[in-house]
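Visitor: Structure here, sequence nowhere to be found:
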C-alpha cells in the first residue's frame, strides 16, 4: 500500500515514524508547509537509522500533480491543517485515492466538501484518531444502555499547562449525554493524558481507562484505519463506523 | 413480576435484600436448606425495616407444589446448590416459570438437564452473574479483535486468604485465549475483589477494570437478567447472550 | 488491657467487632444511648459466634461509677457523641484511665476540657482515626517539602449521595496549604471512599492513595492508638503525634 | 553552581536537557566516550533552541586537567560508566569538587574507592536517582513499621520487552524484607514504568504508586541532589541520606 503524508509537525513526524516501521506499508513522500524542499529523507529527519528513501517536499514550491505522476499513492493521510485538503482533495477523488484525515477542526464547509469527495472515493475523517479512546467511547455508550441508572463520571488528567477541559473528555460527555459537570479535570506536572470513564453501580464499579504514552498513538490509529478501509465502498467514514462491525460481531 | 428464591446463604441473603428494594418486583418466598421453617419474614431476617410479607421456608419440610399453589411465581432464582434444580426444575418447565440459576458448578448432567428444561421455558444460567465483569469480558474480546497484536495482562486482587487464582480471572483468560501466566495474582488484606484487563499498545494503554464493593452486586446482575428475559423465547441463555444485543446495536 | 467503649452506632459496633477479635484486649463493657439495658452480650448483638461475656449498658439508666467499681478498665474508647465525655471525663482523669476519643466534632470548650483532663491522664483525640489516611497526610507533607514546586491534586471518590466535599479531603488540602479547587470530587454508585493525593512532577507522577473497604478500619486505628499510648506520659495526643516517632526514626 | 557532566548516552542527554533549563545552574561541559570532540554545543545536539555555550568533549582525546583549568566546576555529575570515576575521581577529591554519581553498577572496589574520595569531598552515589521512587521506598518502610502485620505486594509494569524483574522492584522488596514472590510483574506494550507498593489492611488499602513519564526524571533527582549537598560536610551520601532529614522533621 503506497502512502503519502501531508503534515510534518510534531504529530505528523510521530505518525511518519510509525509508518516507516511497518513492512507492509510504503511511505512514498511527505509534504510539509515550508518554503523549500528538504535535502534529508524522512528517516534522516527522524534520526531513524533506516535507508528508507521517502523524501520531504515543501508544499509551497511543489507541483503536486507532477509528484503524484512520479510517485503515485493509494492513500493520502492528512495531519496538516484545514487547508491541506485544498491541495489534494479534487485529484484524490478523481483518481480514487483514499483519504484519511486527522484534522481536529474543519469548518462546516470543509466537512461538506469532504462528504462530496466521498461520493468518488473512500474518505475517513477522525478529529481524534486514537484507537483506545474511540473504543472506550463506544464501549461506554453500550454499558450506559445496559445499565441506564448507573452514575457516570469522567476523570481526565493532563499536564499542568493544558487549558481546561480536554476536548476528548467533552466528546465523551456529549456522547453519553452527560453535563460537563461530570468531567473532573486534574492538571499536574507532565502527565501526558489520562481519560477514565467511571461507572458507579450500587455494589460494584467499572472503570474504562485510557492512558496516552506518546503522540505515536495516532500512528496506531492510522494503521487501524488503513487496514479497515481496504474493503470499504466509496463513502464517508469515521472511527466509529470502522469500529462498529467489531462490536456487531460480538460474542 | 412474582419471584421465588432458592438459597439463603450469604449471597442469597444479599440478593434478597436487593430484590426487596425494587418496587416493581414482588418476592413471594425464599426457600432455604434447613430442618424447620422460619418464624421471621425475609425482611426481619435481614434487619430491613420493611413490612414486606415474604416468608422463609425450609426445603426439607416443604411441599413445594402446595407452596406454588398458594403463592405462584413467574420466575425462580436459584442461589442454593447443584441440587436445588431437583426440587423446582420439572414443575417450572411444566408451568412455564422462568429459571435464573446462578449456581457456580453444575455437573455435565445437570447442564444437560437445564437445556432440556429450556425447551419448555426460559432458562438462564450464569456461574458469575456480576454485570460489570461480564460486560468487561465481552468488551475485551472485541478490543482483542480490533487490535490483535496488543499485549494483554490480567491483574486480579483479592483478600489475603483467597486461594489462588480467581475463577473469574481464569474465565477471562480462557475467553481471550491467554495462558494463565498472563494472570497476575495480588493477595492482600481485605480487598473484596478487583479484576483489571490491561491492553498494552505501543504508545497507549487501555485498562478495563472491575471493583467489587459487596456481594449485593449479584443482585444487580439478577435485576438485569429479570429485565432482559422478559421478551425472550423459551431457550437456554447466559449473561453473554443477554448482553449480546446491546453490543450488536452499538453506535 | 481492659477496655470500655462508649457508643454503639454503626461505627461503634464495627470497632467493637474488631476489639473482640483481638486476644490481647479485654473488652469489659459497651455503653450506648438508650433507655434500657440490653439482654444480649456484645457478641450476640454483632452475630459473632463468641462466648465473650462483655455486655451492653444503657447510658441513661446506668450508674457509671458502680459499673467502673465492678468492671474497672484501663482505657475508655469514645465513639458516642460530643457529650460522652461528660459521663466519664472527670472520673477517668482521677483514676488515670486513658481516653481515646474519635468524636468528629467537639466544640472549642470541649477540646479545652480534654486538654485539662490530659494533665492527669493520657488523652488521645482524632476526628478521623483511620491509620492509612493519617499516614498519607504526613507522607504528603514531607514530599511537598522535598519537592516544593510539584503540582498537587486531591481526588476523592464517594457514593452518589455523599454531600460534597469529603471532610478528609479538606483536611488534606488544609494540611498542604492547597485551595479547595485542588480537590476533585467524584460521586458515583456505592463507592465507599477513595482519597488520592497526586504529585505531578515534570517527568514522573507519585500517587498516594487510600481506599476504604469498611467502617471497621476505624478499629484498626484504635488498635494502633492502644498500642502506642502505652508508654506515653500524661498529655494530649492525636494521630499525628503517635505517628511522628515512626517518621523520625526513618531509615 | 558550575557543573560538569560525564556521560551523554540516552540518560545523560536527558539530564543535560534538564540542567540547561535551570537558570541557577551553569553547565560548563559534557564529556562523552568517543574518538573526537563535537563541533556542536550541547544545546545544538539536543535541538534545544538555546544559545547556551556548553560544549561536548571526547573522553579519549581530552586532557581533563587542562579542561578543568579553563572551565572549573563545583560539581561533577556522572552518568557515564563504572570507569568514569577513573578520569575525575582523584582530581575532584583534591580540589574539593563535589561528585554526584548515578552509575547503576559499581564493583565493590569502586565503592570502596568512592568512600575513600569522600574523606576529602562530598560524594553522593545513587544507582536509581529518581526522586519519587526513593521517597516511596522510605515511606513504605515507615508504614511497614507502623503496621507490621499488613500484607505488602509490589506491582511493577513495564514495556513488553523488558527482561523480568525490574531492578527497582527488587530493591523495594529487599528494603521491606519481602520475598521476590511478592513482586507481580506486568509486561505490556510501551508502558514506560510503574511501581506500586500495595499495603493491604483488613478494612482499608494504601497504595504508594510511582509512574515514570520520561528519562528526564533522573534530571529531577539530580536537581534535588545538587540542592541538598550544598550544606553537607565531606562524606559519602545516597538518596536515602539526603531524604532522611525531611522525614525526621516530619509534622
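Guide: Perfect, I can see it now. Quick caveat, the model's predicted, so the values are computed rather than measured.
Visitor: can you give me the offset of the lowest-mean-pLDDT helix or strand in chain A from its chain's centre?
Guide: The weakest-scoring helix or strand in chain A, judged by mean pLDDT, DSSP states H and E, is helix A:42-45 (a mean of 88). Averaged C-alpha coordinates place helix A:42-45 at 22 Å from its chain's average position (CA atoms, centre = their mean, to the nearest Å).
Visitor: pLDDT on the first helix or strand past that helix going along the chain, on average?
Guide: Next in sequence after helix A:42-45, counting helices and strands by DSSP states H and E, comes strand A:55-58. Averaged over strand A:55-58, pLDDT sits at 90.
Visitor: Which positions in the next helix or strand after strand A:55-58 come out as buried?
Guide: Per DSSP H and E, strand A:55-58 leads on to helix A:64-70 as the next helix or strand towards the C-terminus. Buried residues in helix A:64-70, counted by 16 or more other CB atoms under 10 Å in any protein chain shown: A:67-68. All C-beta atoms are positioned from the backbone trio N, CA, C, and that covers glycine.
Visitor: can you list contacts of helix A:64-70?
Guide: Outside helix A:64-70, the residues that touch it by CB atoms under 8 Å, 6 or more residues apart in numbering or on different chains are A:29, A:31, A:57, A:87-88, A:91, A:95.
Visitor: are any of those residues buried, and which?
Guide: A:29, A:31, A:57, A:87-88.
Visitor: nearest to residue C:181, of those residues?
Guide: residue A:31 (44.7 Å; CB to CB).
Visitor: who's in contact with that closest one?
Guide: Contacts of residue A:31 by CB under 8 Å, 6+ apart are A:4-8, A:56-59, A:62, A:64, A:67, A:80, A:87.
Visitor: near chain C, which residues of the stretch 1-150 of chain A show up?
Guide: residue A:150 (CB under 8 Å from any CB of the partner chain).
Visitor: what ranges do the helices span in the stretch 1-150 of chain A?
Guide: A:10-20, A:42-45, A:64-70, A:84-95, A:108-117, A:131-146 (DSSP state H, counting those that start in this stretch).
Visitor: Can you add distance to residue D:44 and give those helices back as JSON lines?
Guide: Shown next, in JSON lines, are the helices of the stretch 1-150 of chain A (distance: least, CB to CB, whole Å):
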{"stretch": "helix A:10-20", "distance to residue D:44": "19"}
{"stretch": "helix A:42-45", "distance to residue D:44": "16"}
{"stretch": "helix A:64-70", "distance to residue D:44": "32"}
{"stretch": "helix A:84-95", "distance to residue D:44": "31"}
{"stretch": "helix A:108-117", "distance to residue D:44": "40"}
{"stretch": "helix A:131-146", "distance to residue D:44": "37"}
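Visitor: most packed of these?
Guide: helix A:131-146 (a mean of 22; mean count of other CB atoms under 10 Å in any protein chain shown).
Visitor: what's the most distant pair in the contacts of helix A:64-70?
Guide: Of all pairs in the contacts of helix A:64-70, the most separated under CB to CB is A:57 and A:95 at 18.4 Å.
Visitor: one step back: just checking the least confident helix or strand of chain A against chain D, any contact.
Guide: No - Helix A:42-45 stays clear of chain D (CB under 8 Å from any CB), getting no nearer than 11.4 Å.
Visitor: Got a PyMOL select line for the buried ones in the contacts of residue A:31?
Guide: The buried residues among those can be selected in PyMOL (16+ other CB under 10 Å) with this line:
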select buried, chain A and resi 4+5+6+7+8+56+57+59+67+80+87
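Visitor: what comes into contact with stretch A:219-235?
Guide: A:1, A:3, A:14-15, A:17-19, A:22, A:25, A:75, A:77, A:98, A:100, A:102, A:118-124, A:126, A:129-131, A:134, A:237, A:239, A:242, B:146-147, B:201-204.
Visitor: residues contacting the most far-flung residue of chain A relative to its centre?
Guide: Within chain A, the residue lying farthest from the chain centre (CA atoms, centre = their mean) is residue A:203, at 37.0 Å. With contact taken as CB under 8 Å, 6+ apart, residue A:203 is in contact with B:212-217, B:219-220, C:189-190.
Visitor: what do you get for residue A:19?
Guide: A:3, A:5, A:25, A:27, A:77, A:219, A:222.
Visitor: shouldn't the third one be in contact with residue A:1?
Guide: To tie it back to what came earlier, the one meant is residue A:25. Yes - between residue A:25 and residue A:1 there is a contact at 5.6 Å, judged by CB atoms under 8 Å.
Visitor: who has more neighbours, the two?
Guide: Using other CB atoms under 10 Å in any protein chain shown, the more surrounded residue of residue A:25 and residue A:1 is residue A:25, with 17 against 14.
Visitor: now the more buried one: how far from residue A:4?
Guide: 11 Å (CB to CB, to the nearest Å).
Visitor: Centroid-nearest residue for chain A?
Guide: Closest-to-mean residue, chain A, CA atoms, centre = their mean: residue A:129 / 2.7 Å.
Visitor: contacting residues for that residue?
Guide: A:102, A:218, A:221-222, A:225, A:239.
Visitor: Nearest to chain C among these?
Guide: residue A:218 (21.7 Å; CB to the nearest CB).
Visitor: okay but the closest one is in contact with residue A:12, surely?
Guide: No - look at residue A:218 against residue A:12 with CB under 8 Å: they stay out of range, at 9.2 Å.
Visitor: Give the residues shared as contacts by these two.
Guide: With CB under 8 Å, 6+ apart as the test, residue A:218 and residue A:12 both reach residue A:79.
Visitor: how far does stretch A:162-170 stretch from start to finish?
Guide: 14 Å (CA to CA, to the nearest Å).
Visitor: That one and chain C in contact?
Guide: No - residues of stretch A:162-170 contacting chain C under CB under 8 Å from any CB: none, with a closest distance of 11.2 Å.
Visitor: What parts of the stretch 151-251 of chain A come near chain C?
Guide: Going by CB under 8 Å from any CB, the residues of the stretch 151-251 of chain A near chain C are A:151-153, A:155, A:157, A:159-160, A:184-191, A:198-205.
Visitor: Restricted to helices, list these.
Guide: The helices, defined by DSSP state H, take in nothing from those.
Visitor: All set now, cheers.
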